[in-house]
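Colleague: Starting from these lines, generate the structure:
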Amino acid sequence: MASPIYFGVEFEFNLAFLHSHEVAPDPTETRAVDLPLTEDVIRHTRSFYGLNGTEPIPERPEKDLNFYAKKICMLYTIRDSLISIGCPAEVYSAVDPPSSWEVFYDETLKAPEGTPYRWLPMEITSPALPFSPDSMDLIQMVCTLVETTYITNTNWSTSVHVHISAGKVPLDFHTMQRLYIFLWAFEPQMNTLHPAHRQQSKYCGGMREQSAMASEYTEKWGVPPSILAGIVEFYKCQDLESLLNKAFCCVKGKFTAFNSGNDLCWVREPHRFHKPTIECRQHEGTLDGKRITQWVKFLAGLVQALENISPESFRGLLKLAQSEKWEKAGKDKMANEKNQAQFGPIPAESTLTIVDILEYLGLKESADYYRNRLFPVPGKDKWEALPVFTWDTNAHVAAAPNQTDESREAEEEGTAELFQSLMLPGAMTEDQEDEARPYDSIWSMIHRADGERHELSNLYRPDEEEDSRRNQVRSNLGMRNGEDIDDSSCR
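Modeller: Model prediction:
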């Protein structure tokens, strides 16, 4: 049975307003843009600027004071709107953990240009909510309220952040471990859920680009980790703190697509309040309630699927990742064209999309919703080369000649441990020929303690189809029979 999932949502948007003396550009507009300043707002504003009730306002700060007053007015107006639909709300709540909706002023957002309105950058944050149909309805209600009551704007600088937890505690270690392994192995597929400006945003970088694991591995071995090496590194973690440390970005902090910083602080400082959450930051800004709730359903469904997946099924899922032979570069179009000619389109855009993976996991609603809503992968220049991924370490030696013996030995030992941990209960590996090592193959056969033999599932792309495709590439490139394709361009 799946553990309860709790979530919180942060909405970022720009809010239109006009000063009292300014004429509304559209006289038919019914949404609020000119809200009169109440006595409470004026009193609060004068106090903020250190002015008593009768002291005249100096000419120089009057413009700033008027803007500040309007900002306070809009914050309190949105708060009151939330309260009117039954959502307890506060402006800049000082309560930890927050038990109500909060309204903020977010100066990091950029206002739209060329409009007749002035804009206030705003953020609304929900409290922790149980993942349930009622909570989905509430999110939709809040989005509808804001969009129908006010003139709003979302653009490239805005986003939707979703926090996921098990309530007052983080997700359990094994679920978290599978989640970060999944995010590492299928990062290109996850990227296709978001437009290019979010895939390339410095505020939500990917694990292959910014995780501590990738940085430490590259510094230690002189080459970035292959997908397999990354999976092995995450499987080496024995507790939640070590796992979250590997997933965290020490240089850019929370600015990763799946920020582990909150959970990491929760583990390190249990005596202080920290949100026990993974912060999912990659979704673009929107007030479309359906889009937001579908994203929440996707995240919660993924967590629950990975919590309950069997070791054999998870191994089968990870096995599909070896169809990724190259990674797109953001600017090197010639390298992209050469790699595509040799290896075909990247699986995330062809043979193994996120929809395929969702169907594998049984997440039908999410698969159906995103089926025709995927985006292309623009690529990132920092990681324009990806070591070839294969379970076969002999093939990996040929594909990565610059890898040191020490690095290769560590990877082989980690791979052996990985497969042992993923085997069916009571199952053992079947050795290959005498001169071969057990971890030199894909372990195509295992035998169980009861004597039964069990054949593992085939690769996502059958070998004969792969051979046919490579022969076609050889023909297109004018290569002789027996001459293998040079894989150096994808390292």
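
Colleague: I'd guessed E147 sits against L287; true?
Modeller: Yes: assessed by C-beta atoms under 8 Å, E147 is found in contact with L287 at 5.1 Å. (Each C-beta comes from the backbone N, C-alpha and C, glycine too.)

Colleague: more neighbours, those two?
Modeller: Neighbour tally, E147 and L287, criterion other C-beta atoms under 10 Å: the higher count belongs to L287, 22 against 15.

Colleague: quick one: the helices in the stretch 151-300 of the chain?
Modeller: 173-185, 187-191, 196-199, 207-210, 212-221, 227-235, 240-247, 261-268, 289-308 (DSSP state H, counting those that start in this stretch).

Colleague: what does the average pLDDT come to for the second one?
Modeller: For helix 187-191, the mean pLDDT works out to 96.

Colleague: Alpha carbons only: can I get that helix in CSV?
Modeller: Extracted in CSV, the C-alpha atoms of helix 187-191 (Å, rounded to 0.1, in the frame of the first residue of the first chain):
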residue,chain,number,x,y,z
GLU,A,187,16.6,13.2,-17.3
PRO,A,188,16.1,13.8,-21.1
GLN,A,189,12.6,12.2,-20.9
MET,A,190,11.7,14.4,-17.9
ASN,A,191,13.0,17.5,-19.8
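
Colleague: So which residues make contact with it?
Modeller: Outside of helix 187-191, the residues within contact range by C-beta atoms under 8 Å, 6 or more residues apart in numbering are 183, 199, 206-208, 257, 282, 324, 327-328, 346-348, 352-354, 357, 375, 377.

Colleague: for that helix, the distance to its chain's centre please.
Modeller: Centre-to-centre, helix 187-191 and its host chain are 8 Å apart (C-alpha atoms, centre = their mean, to the nearest Å).

Colleague: next SSE after the lengthiest strand in the chain?
Modeller: In the chain, with assignment by DSSP state E, the single longest strand is strand 6-17. Once strand 6-17 ends, the next helix or strand along the chain (criterion: DSSP states H and E) is helix 39-48.

Colleague: elements contacting that following helix?
Modeller: helix 59-84 (3 or more C-beta pairs under 8 Å, 6 or more residues apart in numbering; DSSP states H and E).

Colleague: on that earlier part again, which PyMOL command selects the buried ones in the contacts of helix 187-191?
Modeller: In PyMOL, this line selects whichever of the contacts of helix 187-191 come out buried by 16 or more other C-beta atoms under 10 Å:
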select buried, resi 183+199+206+207+208+257+282+324+327+328+346+347+348+352+353+354+357+377
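
Colleague: so of the contacts of helix 187-191, which ones are in strands?
Modeller: Short answer: the contacts of helix 187-191 in strands (DSSP E) are Q282.

Colleague: what about the stretch 151-300 of the chain, any weak spots by pLDDT?
Modeller: Scanning the stretch 151-300 of the chain for pLDDT under 70 picks out the ranges 251-252.

Colleague: which residues are in contact with stretch 176-185?
Modeller: 170-171, 190, 207-208, 211, 227, 230-231, 234-235, 237, 240, 243-244, 246-247, 257-258, 260, 263, 278, 302-303, 306-307, 309, 314, 317-318, 321.

Colleague: Check stretch 102-118 too.
Modeller: With contact meaning C-beta under 8 Å, 6+ apart, stretch 102-118 is reached by 12-14, 16-19, 25, 33, 71, 75, 78-79, 82, 89-93, 119-125, 151, 153, 155-158.

Colleague: how about 6 Å then?
Modeller: Defining contact as C-beta atoms under 6 Å, 6 or more residues apart in numbering, one finds that stretch 102-118 is touched by 12, 14, 16-17, 25, 71, 75, 78-79, 90-91, 93, 119, 121, 123-125, 153, 155, 157-158.
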